[in-house]
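Novice: Have a look; sequence and predicted model below, questions after that.
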Amino acid sequence: MSAVRENGVIVAIDGPSGAGKSSLTKLLARRLGYIHIDTGAMFRAVALMSKRAGIASDDDAGLAELCRGLEITFVRDGENCRVLANGEDVSREIRSEEIGLLTSAISARKPVREALLIMQRAMGAKGGVILEGRDIGTVVFPDAEVKFFLSASAEERGRRRYLELAARGDQATLEETIAKVIQRDRQDEGREHAPLKQAEDALPIDSTSLSIDQVLTVMENAVRERLVQGDKG
Ligand SMILES: Nc1ncnc2c1ncn2[C@@H]1O[C@H](COP(=O)(O)OP(=O)(O)O)[C@@H](O)[C@H]1O
Ligand SMILES: Nc1ccn([C@H]2C[C@H](O)[C@@H](COP(=O)(O)OP(=O)(O)O)O2)c(=O)n1
C-alpha cells in the first residue's frame with residue numbers, strides 16, 4: 001500500500017467522450033480494489049435534476065440553488081455502480097443522449113463546477129480512488145499521484161459510441177454519431193471553466209488501435225509502479 005495517503009493513491013483518468021474512461025476506470029478499480037468515481041455521472045445528475053426543475057442551462061443562480069440541495073452518491077451494485085440523486089436511483093435516466101447534450105452545457109457553468117468540485121475532493125481526498133472525467137488531473141486533484149489522458153481518434157470514438165447506441169436500439173447513423181462526438185469535444189475543450197485538456201504530468205494513451213485489455217495493462221503497470229515508489233517513502 002502506498003505511504004502517500006490513508007487508503008492508497010489518487011488516480012485521474014481524463015479524456016474526451018468515447019475514449020474508454022468509464023470502461024477502464026471500472027476494470028482498473030476492480031483490479032486495484034479502488035473506488036470508481038464517475039464525475040461525468042455527477043454532472044449528468046445535475047443536468048437531469050435541472051431539467052426536471054425547469055432551470056435553464058444558463059441560470060447560474062438557479063443552478064447554484066439546485067446544487068446546494070443536491071446529494072449525489074454512488075452505491076455498489078455487484079459489478080456495477082448505481083448513481084443516486086437525493087436517494088433516487090437515476091443511473092439509467094442520466095445516460096440518455098438528451099441528458100448527455102444538456103450535461104455538456106450545464107457542465108460549462110461555474111456554480112455547477114464549483115459545487116461538484118467540493119463533492120469530488122471530499123470523495124477522493126484519502127486516496128484509494130480512481131476518478132474519471134475532463135479536469136481531474138488539472139483542477140480537481142492536480143496533486144494526484146497517477147494521471148492518465150486517454151484519447152482516440154474522433155472517428156474511432158464515434159464508431160464505439162455508434163455501436164453502443166445501436167445495441168440500445170438507437171437509430172443514429174455513424175456519421176451523425178461522429179459529428180456529435182466532435183461537437184461534444186469542441187464544447188468540452190472550448191469552455192471557459194475547467195476545459196478538457198491534458199495535464200502536463202499525465203501519461204497520454206491513444207487507444208485508437210489498442211484493445212481495452214491492452215490499455216488496462218498499461219494503466220495497471222503505471223499505478224503499481226507508483227505504489228512501489230510510495231512505499232519506499
Ligand atoms: N480500446 C477500446 N477498443 C474498443 N472499444 C472500446 C475501447 N475502449 C472503450 N471501448 C468501448 O467504447 C464505448 C465507450 O467507452 P466508455 O468507457 O464509455 O468511454 P468514455 O467513458 O470515455 O466515454 C464502450 O462501448 C466501450 O466498450
Ligand atoms: N469531470 C467532468 C466530467 C464530465 N464533464 C462533462 C463532459 C461531458 O460533456 C458531460 C458528460 O460526461 P461523461 O463522462 O458522462 O460523458 P462521456 O461518457 O465522456 O460521453 O459532462 C465535465 O465537464 N467534467
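Specialist: Received the coordinates, thanks. Given the structure is predicted, the values throughout are model-derived calculations rather than measurements. Ligands and ions are numbered 1, 2, ... in the order given.
Novice: hang on, isn't residue 219 packed against residue 28?
Specialist: Yes. Contact status for residue 219 versus residue 28: in contact at 5.3 Å, counting by Cβ atoms under 8 Å. Just so you know, the C-beta spots here come from the backbone N, C-alpha and C atoms, and that holds for glycine as well.
Novice: what residues do those two have in common as contacts?
Specialist: residue 13 (Cβ atoms under 8 Å, 6 or more residues apart in numbering).
Novice: for this protein, what are the low-confidence residue spans?
Specialist: Low-confidence segments of the chain (pLDDT under 70): 1-3, 231, 233.
Novice: how about the residues of it near ligand 2?
Specialist: Within the chain, the positions adjacent to ligand 2 are 17, 39-40, 43-44, 103-104, 107, 133-135, 184, 188 by Cβ under 6 Å from any ligand atom.
Novice: which residues sit against stretch 152-162?
Specialist: By Cβ under 8 Å, 6+ apart, stretch 152-162 touches 16-20, 172-174, 177-182, 185, 206-208.
Novice: Just the buried positions in that stretch, please.
Specialist: Neighbour-count burial for stretch 152-162 flags 152, 154, 156, 157, 158, 159, 160, 161, 162 (criterion: 16 or more other Cβ atoms under 10 Å).
Novice: Let me have these in TSV, adding distance to residue 80 and secondary structure as columns.
Specialist: Putting these into TSV (distance: Cβ to Cβ, whole Å; DSSP: H, G, I helix; E, B strand; the rest coil) gives the following:
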residue	distance to residue 80	secondary structure
152	24	coil
154	28	helix
156	25	helix
157	23	helix
158	25	helix
159	24	helix
160	19	helix
161	20	helix
162	23	helix
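Novice: just those residues now: which is nearest residue 69?
Specialist: Within the set of those, residue 161 lies nearest residue 69; the separation is 32.5 Å, counting by Cβ to Cβ.
Novice: for the residue nearest the centre of the chain, what are its contacts?
Specialist: Geometric centre of the chain, nearest residue: residue 133, 2.8 Å, by Cα atoms, centre = their mean. Applying Cβ under 8 Å, 6+ apart, one finds that residue 133 lies in contact with 12, 13, 14, 21, 39, 40, 140.
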